[in-house]
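>>> Sharing a model prediction with you, sequence too.
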Amino acid sequence: MHKRMTITLDEAVYEGLYRTVGKRRMSQFIEDLLRPHVVDTSLDDGYRAMAADKAREAEALEWCNGIAGDMADATR
């Protein structure tokens with residue numbers, strides 16, 4: 001969900017922003033700049049790093065399949 005807010009900028013900063021990114025892209029540009037400073041992304045970064053580790057992912061898939069097999073055996 002997005003929230004609307006009003007900010008005040010120096011005229012030269014606004015004009016530079018307008019020239020650089022355009023009127024319709026200002027909000028996204030500002031959000032992209034601010035996000036790393038105000039949103040804790042360490043958990044996301046950790047999950048991304050784990051998903052990139054192919055050996056770990058293969059081991060996790062094998063473990064999950066083993067658990068599923070154990071559960072299937074237990075219900076028989």
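All right, it came through fine.
>>> can you pull out the helices in this protein?
With DSSP state H as the definition, the chain shows helices at residue ranges 11-21, 26-38, 42-52, 54-74.
>>> What about residue 14, how many residues nearby?
The burial count assigned to residue 14 is 13, neighbours taken as other C-beta atoms under 10 Å. Quick note: C-beta positions are derived from backbone N, CA and C, even for glycine.
>>> Of all the helices of the chain, which one is nearest residue 3?
helix 26-38 (10.8 Å; C-beta to C-beta).
>>> hmm, back to that, okay if I get the helices of the chain as JSON lines plus mean pLDDT and distance to residue 3?
Formatted as JSON lines, these follow (pLDDT from 0 to 100; distance: least, C-beta to C-beta, whole Å):
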{"stretch": "helix 11-21", "mean pLDDT": "97", "distance to residue 3": "20"}
{"stretch": "helix 26-38", "mean pLDDT": "92", "distance to residue 3": "11"}
{"stretch": "helix 42-52", "mean pLDDT": "86", "distance to residue 3": "21"}
{"stretch": "helix 54-74", "mean pLDDT": "86", "distance to residue 3": "36"}
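>>> Looking at those, which is nearest to residue 4?
Nearest to residue 4, of all the helices of the chain, is helix 26-38, at 9.2 Å by C-beta to C-beta.
>>> got the angle for the closest one vs helix 11-21?
For helix 26-38 against helix 11-21, the angle between stretch directions is 100 degrees (axes from the mean of the first three to the mean of the last three C-alpha atoms, to 10 degrees).
>>> returning to what we had before: would you turn the helices of the chain into CSV with distance to residue 5?
Formatted as CSV, the helices of the chain follow (distance: least, C-beta to C-beta, whole Å):
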stretch, distance to residue 5
helix 11-21, 15
helix 26-38, 10
helix 42-52, 24
helix 54-74, 40
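>>> Could you tell me how many residues sit around residue 26?
Burial measure for residue 26: 15 neighbouring residues, criterion other C-beta under 10 Å.
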